[in-house]
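1. fold the following and give me the result.
(2 chains)
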Amino acid sequence: DVKVTQSSRYLVKRTGEKVFLECVQDMDHENMFWYRQDPGLGLRLIYFSYDVKMKEKGDIPEGYSVSREKKERFSLILESASTNQTSMYLCASSLIGPLGAGGTQYFGPGTRLLVL
Amino acid sequence: DQQVKQNSPSLSVQEGRISILNCDYTNSMFDYFLWYKKYPAEGPTFLISISSIKDKNEDGRFTVFLNKSAKHLSLHIVPSQPGDSAVYFCAASPSGSARQLTFGSGTQLTVLP
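-> From the prediction side, this is the model:
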């Protein structure tokens, strides 16, 4: 059973703070993703990584950075949190390979971040 | 510019009846489509998928139909159960990519007992 865990379920931060969101998966998946979910906008891809130390920008990378030092761990960093980064953050992982065999993404439970 | 659109933000259905959730896409490069279900305070869970070489895929009560010429897919749930009440997201991936998914905005399904 695939397990994706996120370090916090709820987080409250002040504007300007540096925020770290951690994600760990236990299935040896190559790909990892960070999304944010906002009402009426669905899930929007922030960054993804297909290998250790590799990262690629998604659709909305501004204001975020990521780190992948180990295969199982993918961190999202808000360098200087702002109120418009209040959102639900979701981490996901997937295997590399043909989508029919394993491109399905498995999600963590999410972190609800409030920036005051 | 949304490449994957779910035009109905909400849908209410009576228990036992059919639920039909719709999704439209604009990118001709998409050739793999997935449906996810999301309960409040949980991450999305994979439900069913379909490749563009098929026009139908069935898994128990869930069937996904793909109309490539219309760039339209739909998820049918028969019979609907109260436990199916959740937000349903449609997602699509382009040819050759095993990585990025583009998601729709979601449809809140409520199944009334």
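
2. how about the nearest residue to residue B:35 once chain neighbours are set aside, secondary structure?
-> The spatially closest residue to residue B:35, leaving aside those adjacent along the chain, is residue B:47, at 4.5 Å (Cβ to Cβ, 6 or more residues apart in numbering or on different chains). Any C-beta I mention is one placed from the backbone N, CA and C, and that applies to glycine too. Classification of residue B:47 using DSSP: H, G, I helix; E, B strand; the rest coil returns strand.

3. kindly state the pLDDT recorded for residue B:47?
-> Residue B:47 carries a pLDDT score of 94 in this model.

4. give me the neighbour count for it.
-> Using other Cβ atoms under 10 Å in any protein chain shown, residue B:47 has 18 other residues around it.

5. over to residue B:28?
-> Close neighbours of residue B:28, defined as other Cβ under 10 Å, add up to 10.

6. ditto for residue A:48
-> Using other Cβ under 10 Å, residue A:48 has 25 neighbouring residues.

7. so what's the residue of chain B found nearest chain A up against?
-> The nearest approach of chain B to chain A comes at residue B:43, 3.2 Å away (Cβ to the nearest Cβ). Taking Cβ atoms under 8 Å, 6 or more residues apart in numbering or on different chains as the criterion, residue B:43 is in contact with A:4, A:90-92, A:107-110.

8. name the residues of stretch B:28-35 that are buried.
-> Across stretch B:28-35, burial judged by 16 or more other Cβ atoms under 10 Å in any protein chain shown covers B:30-35.

9. nearest to residue A:40, of the residues you listed?
-> Within the buried residues of stretch B:28-35, the smallest distance to residue A:40 is 18.8 Å, found for residue B:35 (Cβ to Cβ).

10. mind checking pLDDT for the closest one?
-> If you check residue B:35, the pLDDT there is 95.

11. quick check, it in contact with residue B:88.
-> Yes. Contact criterion Cβ atoms under 8 Å: residue B:35 and residue B:88 qualify, at 6.2 Å.

12. how about the secondary structure of residue A:67?
-> Residue A:67 falls in the strand class when you classify it by three-state DSSP.

13. returning to what we had before: spatially, which two of the contacts of residue B:43 are the most separated?
-> Of all pairs in these, the most separated under Cβ to Cβ is A:92 and A:109 at 11.3 Å.

14. who's more crowded, those two?
-> Higher neighbour count among residue A:92 and residue A:109: residue A:92, with 26 against 14, using other Cβ under 10 Å.

15. for the helix or strand hosting the more buried one, which helices and strands make contact with it?
-> Taking DSSP states H and E as the criterion, residue A:92 maps to strand A:87-94. Here strand A:87-94 touches strand A:4-6, strand A:19-25, strand A:31-38, strand A:73-78, strand A:106-107, strand A:111-115, going by 3 or more Cβ pairs under 8 Å, 6 or more residues apart in numbering or on different chains; DSSP states H and E.

16. partners of it, with directions?
-> Strand pairing for strand A:87-94, using DSSP bridges, gives strand A:31-38 (antiparallel), strand A:106-107 (antiparallel), strand A:111-115 (antiparallel).

17. contact partners of that strand?
-> Under Cβ under 8 Å, 6+ apart, the answer for strand A:87-94 is A:2, A:4, A:6, A:21, A:23, A:25, A:27, A:29-38, A:43, A:74, A:76, A:102-108, A:110-113, B:43-44, B:98-99.
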